[in-house]
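K.L.:
Model the structure of this input:
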Amino acid sequence: MNSHWEFSRVKKLSGTISVPADKSITHRAIMFSSIANGVSRIENYLASADCKSTIDAFSNMGVLIIPEGNTLIIHGHGLRSLSVPIGQINAGNSGTTVRLLCGILAGQNFSTKIIGDTSLSKRPMGRIMKPLSEMGAVFSPKGNSHLPFTITGSEKLKAINYKSLISSAQVKSCVLLAGLYANGVTTFSEPIKSRDHTERMLKARGAKLKVDGNTVSIKKTNELKAMNMIVPGDISSAAFFIVAGLIVPNSKITLKNVGINPTRDGIIEILKNMGAKIILQNKRDVCREPVADILVENSKLKAVEFGSEIIPRLVDEIPILALAATQANGQTKIYGAQELRVKESDRIKTIASELTKMGADIKETENGLIINGPTKLKGAKVESYNDHRIAMMLSIASLIAESQTQINDVLCVDTSYAKFLSDFGSIKGA
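P.N.:
Model prediction:
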């Protein structure tokens, strides 16, 4: 694959896509199976660069993980069965890998050095270091809040009652995983409920866990059960083609087997508020996760305002929602989204800068964006900043832009959606 893509405007999109498996659920399925007792089968897992970082981390700690087609077979031997890794663990570009892994490592009786790529090494890790340090884990070097670092676990972790200032599924999951090993009841509270895959999956595996609104409590657990599961399609990946179907004239697209977890479906709510024609078909539950097929048709969109109360339910979808807003009638305001500044790129900055190059009327604020629409987009040379969601958003923008668009540094797309280019071509060529 080239390090850049070139695309031009299209007249319509049509077809059916099965989007990749959910990245968040795949990470968790690998981790929880690795510390469960017995053999777990994970069907339809996401074989992306980020998830490979998680697979490699647990393989390095002695877990037998066997890929068979689109299934992972994982031989777990219990909560304390991990062995000292050979050398260091490389989390690559994956924030989920390092943050959730640290929750598990906090309960082990060895030290682990974790490194990451340039982008991950800039992302804040103090948010997990603080609660884990209170529980008894030790981080070195002291005073460092970024990768690389070494975490030394303890067999005598203390339960804590932790009130997080931010809503973050990664921080919540990290604390709950450490809580599996801690004496007593560990409680985590956050301002707004973040995605709840960890709670659903740990409960299914036998963890003593209770949910009360935005607060989750977990008791020390002796074992997690092995289980088989099917990973649903990732709504964060589906989001790009949902918006493509809405903004490209005469388009009609179906996205199959997409997870519609209520802590993740904010994009559907916002787009429907904008006037989007979106129909959820064949709703069902798959391994405790709600799933549906999503039918999307070209729609006339209107501007909306949304902020901190819904951001945790759509934080990864803001780049593509910003593109939708450039085609909506009126002024869209997004606020309370400061978490975007510490993603793979400063997404508030990169969304504004790259869409401006394409002719959008978009301004960044300290914690969000103001977008006036509709505007006609034009082709330009744009940058992904090595951020997969920015690269994919710009690819969708090219479909409605006059003249050709060149998107640089697109290899990053493999972190979440390795078959993006082929899916993109399948509906574009229809």
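K.L.:
Show me which residues of stretch 412-430 are buried.
P.N.:
Buried residues in stretch 412-430, counted by 16 or more other Cβ atoms under 10 Å: 412-417, 419-421, 423-424, 427-428. C-beta here means a position set from N, CA and C on the backbone, and glycine is covered the same way.
K.L.:
ugh, wrong one, I meant stretch 304-321
P.N.:
Quick answer for stretch 304-321 (16+ other Cβ under 10 Å): 304, 306, 308, 311-321.
K.L.:
now do stretch 352-370
P.N.:
352-355, 357-360, 362, 364, 367-370.
K.L.:
can you name the two of those that are farthest apart?
P.N.:
Farthest apart among the buried residues of stretch 352-370 by Cβ to Cβ are Gly359 and Asn367. That separation is 24.6 Å.
K.L.:
So for whatever helix or strand Lys272 lives in, mean pLDDT?
P.N.:
Taking DSSP states H and E as the definition, one finds Lys272 inside helix 266-273. The average pLDDT within helix 266-273 is 98.
K.L.:
got it, and stretch 411-430?
P.N.:
The average pLDDT for stretch 411-430 rounds to 89.
K.L.:
same deal with stretch 60-69?
P.N.:
On average, stretch 60-69 scores 98.
K.L.:
residue boundaries of the helices in the stretch 251-400 of the chain?
P.N.:
266-273, 318-326, 347-357, 388-398 (DSSP state H, counting those that start in this stretch).
K.L.:
Contacts made by the third one with the rest, please.
P.N.:
For helix 347-357, the surrounding residues in contact (Cβ atoms under 8 Å, 6 or more residues apart in numbering) are 318-319, 322-323, 326, 337-338, 340-341, 362-365, 367-369, 377, 380-383, 385, 387, 389-390, 393-394, 397.
K.L.:
so how far is that helix off the chain centroid?
P.N.:
20 Å (Cα atoms, centre = their mean, to the nearest Å).
K.L.:
just the shortest one next, same as before
P.N.:
Using Cα atoms, centre = their mean, the mean C-alpha position of helix 266-273 is found 18 Å from that of the whole chain.
K.L.:
List the contacts of Val382.
P.N.:
Applying Cβ under 8 Å, 6+ apart, the residues contacting Val382 are Glu354, Lys357, Met358, Leu394, Thr405, Gln406, Ile407, Asn408.
K.L.:
Which of the buried residues of stretch 304-321 sits closest to Val258?
P.N.:
Glu317 (12.5 Å).
K.L.:
of all the contacts of Val382, which comes closest to Leu180?
P.N.:
Nearest member of the contacts of Val382 to Leu180, counting by Cβ to Cβ, is Leu394, at 40.7 Å.
K.L.:
and that closest one, how many residues sit next to it?
P.N.:
29 (other Cβ atoms under 10 Å).
K.L.:
Touching, it and Asp409? I think so.
P.N.:
No: Leu394 is not in contact with Asp409 according to Cβ atoms under 8 Å; the separation is 10.6 Å.
K.L.:
what's around Asn214, how many residues?
P.N.:
17.
K.L.:
Without its sequence neighbours, what residue ends up closest to it?
P.N.:
Lys193 (4.9 Å; Cβ to Cβ, 6 or more residues apart in numbering).
K.L.:
show me the contacts for that neighbour.
P.N.:
Ser167, Gly213, Asn214, Thr263, Pro312.
K.L.:
Kindly report the same for Ala239.
P.N.:
Taking Cβ under 8 Å, 6+ apart as the criterion, Ala239 is in contact with Ile267, Asp316, Glu317, Ile320, Leu321.
K.L.:
Common neighbours of Leu394 and Asp409, please.
P.N.:
Ser384.
K.L.:
For Leu209, what are phi and psi?
P.N.:
phi -130, psi 140 (degrees, to the nearest 10).
K.L.:
Correction: the previous question concerned Gln327.
P.N.:
Per degrees, to the nearest 10, the backbone of Gln327 is at phi -110, psi 10.
K.L.:
how close does it get to Ile278?
P.N.:
Between Gln327 and Ile278 the computed distance is 15 Å (Cβ to Cβ, to the nearest Å).
K.L.:
So for those two, which sits in the more crowded spot?
P.N.:
Gln327 (23 against 18).
K.L.:
pLDDT at the more buried one, what is it?
P.N.:
Value for Gln327, per-residue pLDDT: 98.
K.L.:
show me the contacts for it.
P.N.:
Gln327 touches Leu246, Ile247, Leu301, Gly373, Pro374, Thr375, Ile400, counting by Cβ under 8 Å, 6+ apart.
K.L.:
make it 7 Å
P.N.:
The contact partners of Gln327, taken as Cβ atoms under 7 Å, 6 or more residues apart in numbering, are Ile247, Leu301, Gly373, Pro374.
K.L.:
if we can go back for a sec, what's the most distant pair in the buried residues of stretch 304-321?
P.N.:
Ser308 and Ile320 (19.3 Å).
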